[in-house]
Structure formats: structure tokens, C-alpha cells
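Chemist: Kindly return the folded structure for what I paste below:
(one chain, ligands or ions: 1)
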Amino acid sequence: MDNLDTYSIMVHGGAGDFGNLKSDKDRVRCLESIRSVLEHGRCILQSGGSALETVEQCTSLLEDDPVFNAGAGSVLNEAGKVEMDAAIMCGATLKAGAVAGITNIANPVQLARVVLAESDHVLLISAGAQRFADRWNFELMPDSYFLTPQRLAEWEQARPGQHGGSIGVDAETSASGGEEKYGTVGVVARDRLGSLAAATSTGGIANKSFGRVGDSPILGAGVYADNETCAVSCSGVGEDFMRTVLAKTLSDIIQFKALDGLAAAREGIDYLLRKVKGRGGFILIDNQGRCASAFTTKKMIHGWIELGGETVCQL
Ligand code: ASP
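Modeler: Down below sits the predicted model:
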């Protein structure tokens, strides 16, 4: 590792049990996707690209992959429709952009980036966000672009009267063999100048109520970045992460207890469990470029490159 290798990147494809990934082929497919997104991020960061650019581009790639619950392949709400949420945050300026309850936009994270760069606001929702997208010439994709046979089958199974909804399963139950799978995507990065950024994008929770918004577009809950502390992206039951403001809590642990990312991750996951029996997990890069992750579910699909080192993927 040379002295210039101060960049780090972490990527996740959601926390859960992933009972749906039955075969080795499915697992390999997910891990390959995470690995190729990490390598893409490495190229940007190695050539001097910013953390903000990196998280936007890498999150877009994950949104394009129908295996994950974001962009194409998003889960369906109770009405059988895709409604997506996304956010992006710059740790150098604390500027952020977020969109919630949006439809037919292939890359919600790109819309969030335009909110960050071009509007006076942080969060735009549903019809207002759609109008903003239209002003910025975002192409509208047909519903069929987002729908996969697997999501349709999951929706059928999760409908009232069928067995299957995720919410209501407690952390212990899920760890012992439930069928939770969240699949939100997120990327955090530190560039060679030491700036941090975070992005999270999701279709939300399968069979969620029409209009429900999760933690992903809520700063401090499912996403946060501050150069003084860390960059965080979460996945799991959004309500648990909103009630504990987990991403900002992790940042505060680093800020006010002077801990590094690993120690903060341990404290943060204990807090999530102790306070709300929270279901899910997060990835975190601290201001020194150290990578940490923690989850209360059986698994979290994720990977990282720490300080320009080797690429590691886990499921
Ligand atoms: N956190 C997301 C939400 O509650 C779901 C996920 O992580 O898959 O909307």
C-alpha cells in the first residue's frame, strides 16, 4: 500500500436472512455484483474522484441491478406499485439531497444528487419530486422496467391473509430462521482528500402502505456523512432506524466519545438492539478511512476496500 492510498469504500446490498438466495449460484451472483461495484468505486477514487461522485455512481450501478431492492427490482407496495426513496450526503459540506415516494425514475440517487446540487431544499416527496425530475429532464421508465417475477411472487405472498410480512418479526425470531430480507442498497466512501460521502437507495419494505417512507431518505436515520466523524448507510426495518436516528447516533458516538469506527459500530448496534430490538444493519467508514459494519439480522450483503487495500465481500 503506498502513501497515497487513503481512499476507502464500502457497499451493501441489504441486511436480512436471504432465504431467497437458495443456490450457490444466487449467492455468487450477488457477491459478484458487490465486487464489481467496489472495483468501479476503486477506479474513481484511485484516479482522484470525489467521495460524492463515487457514492452516486456506485449506488446507480446497484439500482440498475434487479437483484437488489432499489431502482429496477424494487419491492412492491400494498397496491402492487413501486415507490422508491433515496438520499445522498456530502461529509465536507453537510449538503444533502433526498427524494421519497417516487415512481418510474431509474436512478433515484441521481435525482437526490440534483436536489443536493440544484435546489434550496434537502427532501422532495412524491408529486413534487416527480415535477422536479421532469424539470431536470429525467426520463420516465415504464412500470415493467422495475418489476421482476421474484418481486411479484413476494408481493403475492406478503398480501394480507398470506404468510410472509417482515414487520413484526422480532430480532431474535428473525435470527433463528425467519424470512426477512431488506435488500436496500448503500455506498459510503472516503476520497484521497479525506472527504466522506454516503448514499442509500431503496424500494422500501415489501407490501408497505401506500405513501409509507422509510429511513433511507431521512438524514441521520438511514444515511449520514460528516468529515469530522464518519459516513453511514443503513438497511433493515426503517421504522427501527428512524426511532433511534441510528446513522446520526453513530456519528455522535464518534464525535462525543472520541471512538473509532469499529468501537462506534459495536456501541451503535448494541443501542439499536437494546432500545428497539432493531432489525437490520449498517456500513460505516470513519474519518481515518477505517471500515466497519454490524447487523442484527442473520446476514448483510456487503463488501469493502479499506485504505486502498484488497477487495473483500461478505454474505
Ligand atoms: N430500510 C429500508 C426501509 O425501511 C428497507 C431496506 O433496508 O431494505 O425502507
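Chemist: Spell out which parts of the stretch 101-250 of the chain neighbour the ligand.
Modeler: With CB under 6 Å from any ligand atom as the criterion, the stretch 101-250 of the chain meets the ligand at residues 182-184, 202, 204-205, 214-216, 222, 235-238. For glycine as for every other residue, the C-beta is placed from the backbone atoms N, C-alpha and C.
Chemist: lowest average confidence, helix or strand, in the protein?
Modeler: Of all the helices and strands that make up the chain, the one with the lowest confidence by mean pLDDT, DSSP states H and E is helix 171-175; it has a mean of 38.
Chemist: Mind checking what helix or strand follows that helix in sequence?
Modeler: Next helix or strand after helix 171-175 toward the C-terminus (DSSP states H and E): strand 185-190.
Chemist: the strands in the protein, which residues?
Modeler: Assignment of strands within the chain using DSSP state E yields the ranges 8-16, 84-90, 96-102, 123-125, 185-190, 196-202, 223-226, 230-236, 280-286, 291-295, 299-305, 311-314.
Chemist: Roughly how far does the spatially closest residue to Leu259 that is not a sequence neighbour sit from Val245?
Modeler: Distances taken as CB to CB, 6 or more residues apart in numbering put Ile253 closest to Leu259, at 5.9 Å, once the chain neighbours are dropped. Distance of Ile253 to Val245, computed by CB to CB, to the nearest Å: 12 Å.
Chemist: Gly73 too?
Modeler: Distance of Gly73 to Val245, computed by CB to CB: 28 Å.
Chemist: Show me which of those two is the more surrounded one.
Modeler: Gly73 (23 against 18; other CB atoms under 10 Å).
Chemist: Let me see the contact set for the closest residue to that one other than its chain neighbours.
Modeler: With sequence-adjacent residues excluded and distances taken as CB to CB, 6+ apart, Gly73 is closest to Pro66, at 3.4 Å. The contact partners of Pro66, taken as CB atoms under 8 Å, 6 or more residues apart in numbering, are Ala72, Gly73, Thr148.
Chemist: Is the residue nearest to Leu259 in contact with Arg266, as I believe?
Modeler: No. Under the criterion of CB atoms under 8 Å, Ile253 lies out of contact with Arg266, with a separation of 9.5 Å.
Chemist: Who has more neighbours out of these two?
Modeler: Using other CB under 10 Å as the criterion, Ile253 and Arg266 rank with Ile253 on top: 21 against 14.
Chemist: How much space separates the more buried one from the ligand?
Modeler: Taken as CB to the nearest ligand atom, to the nearest Å, the spacing of Ile253 relative to the ligand amounts to 20 Å.
Chemist: And the pLDDT for that residue?
Modeler: According to the model's per-residue confidence, Ile253 sits at a pLDDT of 98.
Chemist: Tell me who's in contact with it.
Modeler: So Ile253 contacts Leu259, Ala264, Glu267, Gly268 (CB under 8 Å, 6+ apart).
Chemist: Just give me the neighbour total for Glu228.
Modeler: As a burial measure, Glu228 scores 11 neighbours (other CB under 10 Å).
Chemist: Find me the pLDDT at it, would you?
Modeler: We have a pLDDT of 98 for Glu228.
Chemist: before we move on, what about Gln157?
Modeler: At Gln157, the model reports a pLDDT of 83.
Chemist: Equivalent analysis for Asn3, please.
Modeler: The model reports Asn3 with a pLDDT of 47.
Chemist: Hmm, Leu76 is touching Ala206, no?
Modeler: Yes. At 6.8 Å, Leu76 counts as touching Ala206 under the criterion of CB under 8 Å.
Chemist: Identify the contacts common to these two.
Modeler: Common neighbours of Leu76 and Ala206, using CB under 8 Å, 6+ apart, are Arg151, Glu154, Trp155.
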